[in-house]
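Student: I would like to see how this sequence folds:
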Amino acid sequence: MHQMLFAKRHIKPKKKNPDELGECADRKMSALPDGKKLVRSPSGLRMVPENGAFNSPFSLDEPQWVPDKECPRCMQCEAKFDFITRKHHCRRCGRCFCDKCCSKKAPLPRMCFVDPVRQCGDCSATSGREGDFYDRQLKVLMGGGTFEVTVGSSEKSETMTCRLSNNHRYLFLDGDSSHFEVELSRISSMQVLTEGSTPEERDIHTYTSLLESTFLSEGGVSRACGMLLLHRPPGSEDPQQVRLEGSGDNKNNKTPWLSAMHKAAKLLYELRD
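Tutor: Below you'll find the model as predicted:
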């Protein structure tokens with residue numbers, strides 16, 4: 001009995017190396033947002049994160065409905081509401097319409113609705129255009145792409161896998177010797193690097209600047225080969241540059257991931273506009 005107690009007192013917990021701790025933190029951060037809860041709102045059933053701090057940066061808040069007393073007529077065709085012509089609220093914009101102008105039910109993943117919900121014509125068209133991003137592009141971003149990554153003013157690059165976190169809030173960059181994260185809300189600008197017409201030429205087309213730019217340039221027929229991000233790390237006011245470039249024969253295989261990131265940046269820019 002005394003020997004067992006002695007042995008217990010001298011057993012030391014196994015220490016984890018920094019890489020293992022980093023991996024555990026990564027897994028913990030990625031797993032937290034997976035907890036979802038079903039909530040009922042006036043607009044319908046929604047599946048939302050249990051922790052509101054982990055809402056996707058692409059998500060939209062439910063709008064305040066225009067009060068019934070403030071909309072005696074349809075806000076599209078101006079039909080007068082009465083016992084026969086009933087009023088309906090668009091779940092995306094919150095405005096008031098007659099059944100004819102707000103009869104479409106369409107998926108609205110940006111508000112986490114479980115089923116298609118009633119939307120006006122303009123809103124249902126917008127939701128339809130966003131459908132491809134939620135159906136395909138998010139999967140591409142979370143699947144990740146491998147790039148040569150250069151951070152700040154460093155002259156050395158490292159091969160890293162870049163992927164979107166499960167809660168859509170971070171870009172995780174993982175290499176053999178390092179791991180770091182870029183929070184999407186802290187990205188101030190994004191440029192897509194494109195190939196020139198000859199191997200000696202290199203063009204940089206600004207697809208979107210998330211804070212300053214008021215227009216988008218699709219970059220002509222040039223092929224995307226990399227990305228230049230400018231972001232503000234937590235606790236710092238100085239922006240940091242992160243450069244991602246495809247290399248060798250796999251350069252063109254990065255285009256789907258870069259295209260998906262371009263679409264993500266456009267959605268973020270629209271939210272800030």
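Student: pLDDT below threshold where in the stretch 1-150 of the chain?
Tutor: Scanning the stretch 1-150 of the chain for pLDDT under 70 picks out the ranges 1-34, 52-53.
Student: ranges for the helices of it?
Tutor: 2-10, 18-31, 121-132, 138-143 (DSSP state H, counting those that start in this stretch).
Student: who's in contact with Asp68?
Tutor: Counting by Cβ atoms under 8 Å, 6 or more residues apart in numbering, Asp68 makes contact with Lys87, Cys96. C-beta coordinates here come from the backbone N, C-alpha and C atoms, glycine included.
Student: Would you map the strands across the stretch 51-200 of the chain?
Tutor: Taking DSSP state E, counting those that start in this stretch, the strands of the stretch 51-200 of the chain run over residues 87-89, 96-98, 104-106, 117-119, 145-151, 158-164, 170-175, 179-183, 187-195.
Student: Now mean neighbour count and distance to Pro234 too, for those, in CSV please.
Tutor: Formatted as CSV, these follow (neighbours: other Cβ atoms under 10 Å; distance: least, Cβ to Cβ, whole Å):
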stretch, mean neighbour count, distance to Pro234
strand 87-89, 20, 39
strand 96-98, 23, 42
strand 104-106, 16, 37
strand 117-119, 23, 36
strand 145-151, 20, 15
strand 158-164, 19, 18
strand 170-175, 20, 11
strand 179-183, 17, 7
strand 187-195, 19, 13
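Student: Can you check which of those gets nearest to Ser43?
Tutor: Among those, the nearest to Ser43 by Cβ to Cβ is strand 117-119 (6.0 Å).
Student: picking that back up, export the strands of the stretch 51-200 of the chain to a markdown table and tack on distance to Gln64?
Tutor: Listed next are these as a markdown table, based on distance: least, Cβ to Cβ, whole Å:
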| stretch | distance to Gln64 |
| --- | --- |
| strand 87-89 | 10 |
| strand 96-98 | 12 |
| strand 104-106 | 20 |
| strand 117-119 | 16 |
| strand 145-151 | 40 |
| strand 158-164 | 30 |
| strand 170-175 | 30 |
| strand 179-183 | 28 |
| strand 187-195 | 29 |
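Student: So for stretch 133-147, what gets flagged as buried?
Tutor: Phe133, Tyr134, Gln137, Leu138, Val140, Leu141, Gly144, Gly145, Thr146, Phe147 (16 or more other Cβ atoms under 10 Å).
Student: thinking the fourth one is in contact with Leu164, fair?
Tutor: Yes. Because the distance of 7.2 Å satisfies Cβ atoms under 8 Å, Leu138 is recorded as touching Leu164.
Student: Can you list the residue ranges for helices in the stretch 151-273 of the chain?
Tutor: Going by DSSP H, counting those that start in this stretch, the stretch 151-273 of the chain shows helices at 255-272.
Student: remind me which residues of it are low pLDDT?
Tutor: For the stretch 151-273 of the chain, applying pLDDT under 70 flags the ranges 195-223, 247-253, 272-273.
Student: In this structure Val66 contacts Cys93, no?
Tutor: No. Look at Val66 against Cys93 with Cβ under 8 Å: they stay out of range, at 9.1 Å.
Student: Pull the contacting residues for Met111.
Tutor: For Met111, the contact set (Cβ under 8 Å, 6+ apart) comprises Ser43, Arg46, Ser59, Leu60, Asp61, Glu62, Arg91, Arg92.
Student: Can I get the residues you listed in a markdown table including neighbour count and distance to Ala265?
Tutor: Shown next, in a markdown table, are the contacts of Met111 (neighbours: other Cβ atoms under 10 Å; distance: Cβ to Cβ, whole Å):
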| residue | neighbour count | distance to Ala265 |
| --- | --- | --- |
| Ser43 | 19 | 28 |
| Arg46 | 19 | 25 |
| Ser59 | 14 | 16 |
| Leu60 | 16 | 17 |
| Asp61 | 8 | 20 |
| Glu62 | 17 | 24 |
| Arg91 | 27 | 26 |
| Arg92 | 24 | 21 |
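Student: ok so, going back, determine which of the strands of the stretch 51-200 of the chain approaches Glu245 most closely.
Tutor: Smallest distance to Glu245 across the strands of the stretch 51-200 of the chain (Cβ to Cβ): 5.0 Å, for strand 145-151.
Student: Give the full set of residues in contact with Gly121.
Tutor: Residues near Gly121 by Cβ under 8 Å, 6+ apart: Gln76, Cys101, Cys102, Lys104.
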